[in-house]
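**Q** for reference, the sequence and a predicted model appear below.
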Amino acid sequence: MTRETADSSRSKRKNAGARAMRLADLDEAFDRYATPMANRDLIRAIYDSTDVDGIVGFGDYFQIKRRGGYPALEVHPGYTNGFRTEQDVTRRAGDSVPRWPSRRFHGAWGIDHPVDGGKSTARSARTAGSSAKRPSRKAPATPEKPKPVCMTCFLELPSTGVCSNCEG
């Protein structure tokens, strides 16, 4: 299960009956969703480089609505998705941000935030005190970043990012 599908199923249960609410600005979204300070600069850079039509809050995430028919950027605890291409990511968030193909829609991309909003991830588990002595019992494996999947035939994509099954 990917982080997006896990969030989606959790959100459906948690946010059943939750209504979308229009937020006045990015600062209100940061306050309402307790966005960690370490993530705010990255999200603000994305916001400032986007033609924003408004911000809408949902149960546990908010959307940065874009003008021109572009999909909204969904800002979740620990990640943002909805970028149209990998170039869209680098243009808005920079070249050094960890990025990955998103399952939100065909061709979408997501990025990791510097801080995961209190949830553990493979990245934080590797960097946070991994040298401490632990009991001999093996800890459950932490899932790595999801493998990219072709949105047409659902086969795992090669490193080129082009599905060999769907090439015409």
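**A** The structure has been received and is ready for your questions.
**Q** which residues of the chain fall in helices?
**A** Secondary structure of the chain (DSSP state H): helices at 3-14, 26-32, 37-48, 86-93, 122-127.
**Q** around residue 26, how many other residues sit close by?
**A** Number of residues near residue 26 (other CB atoms under 10 Å) recorded here: 20. Where C-beta positions appear, they are placed from N, C-alpha and C, glycine not excepted.
**Q** and the one 10 residues further on, by the same measure?
**A** Per other CB under 10 Å, the neighbour tally for residue 36 reads 16.
**Q** which residue is the nearest non-sequential neighbour of it?
**A** Nearest non-adjacent residue to residue 36, counting by CB to CB, 6 or more residues apart in numbering: residue 115, 4.2 Å away.
**Q** ok, now which ones touch that neighbour?
**A** 36, 38, 39, 78 (CB atoms under 8 Å, 6 or more residues apart in numbering).
**Q** residue 88 reaches residue 110, doesn't it?
**A** No. In this structure, residue 88 is not within contact of residue 110 by CB atoms under 8 Å, at 11.1 Å.
**Q** surely residue 39 is in contact with residue 112?
**A** No. Counting by CB under 8 Å, residue 39 sits too far from residue 112 to count as a contact (9.8 Å).
**Q** so, low pLDDT: which residues of this protein?
**A** 1-18, 117-146, 154, 167-168 (pLDDT under 70).
**Q** for this protein, what spans make up the strands?
**A** If DSSP state E is used as the criterion, the strands of the chain fall at 21-23, 52-57, 62-66, 73-76, 79-83, 99-101, 109-112.
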